[in-house]
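1. Give the three-dimensional model of this entry:
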Amino acid sequence: MSWVEFFFDLSQFELKNFYNSNSTQINSIFQVEYELALNSAQINSFGALAQKDLSEMDFLRQELAQIRENVEIKNIDLDMKEDKIDEKMDELMWLRDELSTIRMELIDKKEELMQIKDNLFSTQKALTKKDSLLQKANAYLVKQIPKTYGDSEFRTFLLQRPYISNVRNQEEGQNRTQQLTFSSTQAFSETKKLLIEDLIEAFAAADIPLEKVNSLLPFFKKHIKNGGSIPQAPTLRQVYLPNVFNKQYQLLKSFFDSKPVGIIMDETTDDCSRSVVNTIFCYRNEIKLVSVDFLERVNNTTIGQVLMTTLTHFNIPFNLPRLFLSDFAAYMKKCYREILSPLMPNLIHAPDTWRTLPQFRILKDFLDKVKEIFVSSPARRGRYITHLKMHGILSPCKIPLYNKIRWNSWFWMVSYTKDHIIYWPSFFKAELDNDKKHNTLAIINSCLQNEQELGLIIIYLNFISFYASEFIQCLDFFQKIKKPVILFAELRLQQLTAYIETYRNSNDFGPSLENLIIQHRFNTHEIYSVF
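-> Numbering: from 1, shown residues only. As a prediction, this is how the structure comes out:
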């Protein structure tokens, strides 16, 4: 055997041994190769599907591009239409302005016609006067002719001149006709003026805007005598309303002339964001709005100027006013301190009636401290809401912290405190335990842990919450209404005054309040004297 054959046989033997020892691995490799081939086939099929999907996506992309192009075209069309609409709107606005201008010109023309009518009326009156003088002159001449000629000669004179008698008779007939025309025209003018002014007063008393009269003109014309002479709202407002206003204003001036009035002043903002200062005079049981002033700036000086001017117009000496009632604004207090007090020695300033009464000082101080605690710590407000939820209130409300210049906000806080004060002792005690050096928390906690102070606060809370409800309703009414009418506002104030007078000297405030006073071990007569 050659060496080549020997090595060949040896190699085959080793290969067989290697195959026998590694057959499992080789089979697994073949299995992997087979699976790879299958996966490759699947990948190829997936690739074909993906290619198909890509083709569809390209088609959809092309459609989307076409749709987008169509949308852009439509947007361009819409923009063009919007431009046309804007142009039409501009034209309409221009036409509206033109109509307004024409309407104002018509109103001016109508006023000119009314002025011409008045001038004609005056001319007619002057002509009537001249005719009367001519008639007197003719009568004098007729009387003088008989004296000159004698009776027989006068008759002959008249017979020869019959036109004199005819002229005389014609002049007398014209005179009677002119007098009747003048009287009827004057009577109609006075009746028309009285009807229109009474209508304006009725609309004001019923809280009906004058704009509504335009819808009622056909009814007036059909069912009311001389109803066709009632003009539209702009003429009523420009021509007749000032006269009605002046009559009412003169009545107010005559009523408050040289009277020791109480003064109420308040500043608010109208729909046009202008500062409006309302001035109210009180004398005995009469409460009247006497002045409405529009100010560019509101400060202590302008408020003082408004009041001085108003007092001068009503002929009220500066030593007569007794009370100056306002809100808690700093400029109101400064106005009284620096301007009014030196000029009006008898004037007392009451900037905030409930919170400045000494009997309610304990409640005011307590609520001031509570407000200070919550304002200085927003996190405490969150812990307070959590505390209420832990005590069974599923939807707790935030505590309404009052604003010094908004009366209603203080009453809202009082009402809220009445309903939630039972949860406050435990809350403020826990807050004090977490911050023992906080002086305000210590004062509040001390007040809540003191049975006498807490009982007095609870009694005052219940009293104010119940008996201030009418006052709160009036304030809510004036805050919500957009166009208050003076007479309607006056009616609300009269109702409030009657309500206050009813309970001013009362000795019975209901069993619930009496039981509450007894429950907290107070003397009912002492508490009633405070009320």
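
2. Could you list the low-pLDDT ranges of the stretch 101-250 of the chain?
-> Along the stretch 101-250 of the chain, segments meeting pLDDT under 70 span 108, 118, 131, 134-188.

3. Lys259 - nearest residue in space that isn't next to it in sequence?
-> Tyr283 (4.8 Å; CB to CB, 6 or more residues apart in numbering). For every residue, glycine as well, the C-beta is placed using N, CA and C.

4. Which residues are in contact with that neighbour?
-> Tyr283 sits next to Phe255, Phe256, Lys259, Pro260, Val261, Gly262 when contact means CB atoms under 8 Å, 6 or more residues apart in numbering.

5. wait, doesn't the third one sit right on Arg322?
-> To tie it back to what came earlier, the one meant is Lys259. No. Using CB atoms under 8 Å as the test, Lys259 is too far from Arg322 to be in contact (10.1 Å).

6. Look up how far Ser55 lies from Ala48.
-> Counting by CB to CB, to the nearest Å, the gap from Ala48 to Ser55 is 11 Å.

7. Next step: the contacts of Tyr283 restricted to helices.
-> Phe255, Phe256 (DSSP state H).

8. Show me how to select, in ChimeraX, the buried members of the contacts of Tyr283.
-> Of those, the buried ones go into a single ChimeraX selection, burial set by 16 or more other CB atoms under 10 Å:
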select :256,259,261,262
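
9. would you list the contacts of Tyr283 in TSV and tack on pLDDT?
-> Below are the contacts of Tyr283 laid out as TSV (pLDDT from 0 to 100):
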residue	pLDDT
Phe255	90
Phe256	91
Lys259	90
Pro260	90
Val261	90
Gly262	89
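
10. Could you let me know which of the contacts of Tyr283 ends up closest to Tyr331?
-> In terms of CB to CB, no member of these lies closer to Tyr331 than Gly262, at 20.2 Å.

11. residue contacts, the closest one?
-> Here Gly262 is in contact with Phe281, Cys282, Tyr283, Pro321, Arg322, Leu323, Phe324, Leu325 (CB under 8 Å, 6+ apart).

12. before we move on, what about Leu513?
-> Counting by CB under 8 Å, 6+ apart, Leu513 makes contact with Ile459, Asn462, Phe463, Phe466.

13. Drop anything exposed from the contacts of Gly262.
-> Phe281, Cys282, Pro321, Phe324, Leu325.

14. I'd like to know which of those are part of strands.
-> Phe281, Cys282, Phe324, Leu325 (DSSP state E).

15. my guess is the first one meets Val290, correct?
-> In this case it means Phe281. Yes. Counting by CB under 8 Å, Phe281 does reach Val290; the two are 5.0 Å apart.

16. which residues do the two both contact?
-> Common neighbours of Phe281 and Val290, counting by CB under 8 Å, 6+ apart, are Phe256, Phe314.

17. how much space between Leu252 and Gly455?
-> To Gly455, Leu252 is 48 Å away according to CB to CB.

18. repeat for Leu340
-> Taking CB to CB, one finds Leu340 at 40 Å from Gly455.

19. Ile208 too?
-> 51 Å.

20. just Lys436 next, same as before
-> Taking CB to CB, one finds Lys436 at 26 Å from Gly455.

21. now Arg274
-> Arg274 is 48 Å from Gly455, by CB to CB.

22. Which of these two has more residues huddled nearby?
-> Between Arg274 and Gly455, counted using other CB atoms under 10 Å, the more crowded position is Gly455 (16 against 11).

23. quick one, what contacts the more buried one?
-> By CB under 8 Å, 6+ apart, the contact list for Gly455 reads Gln519, His520, Arg521, Phe522.

24. Also Thr191?
-> Asn226.

25. run the last query once more with 10 Å
-> Lys225, Asn226, Ser229 (CB atoms under 10 Å, 6 or more residues apart in numbering).

26. for Ser258, same thing?
-> So Ser258 contacts Phe314, Asn315, Ile316, Pro317, Leu320 (CB under 10 Å, 6+ apart).
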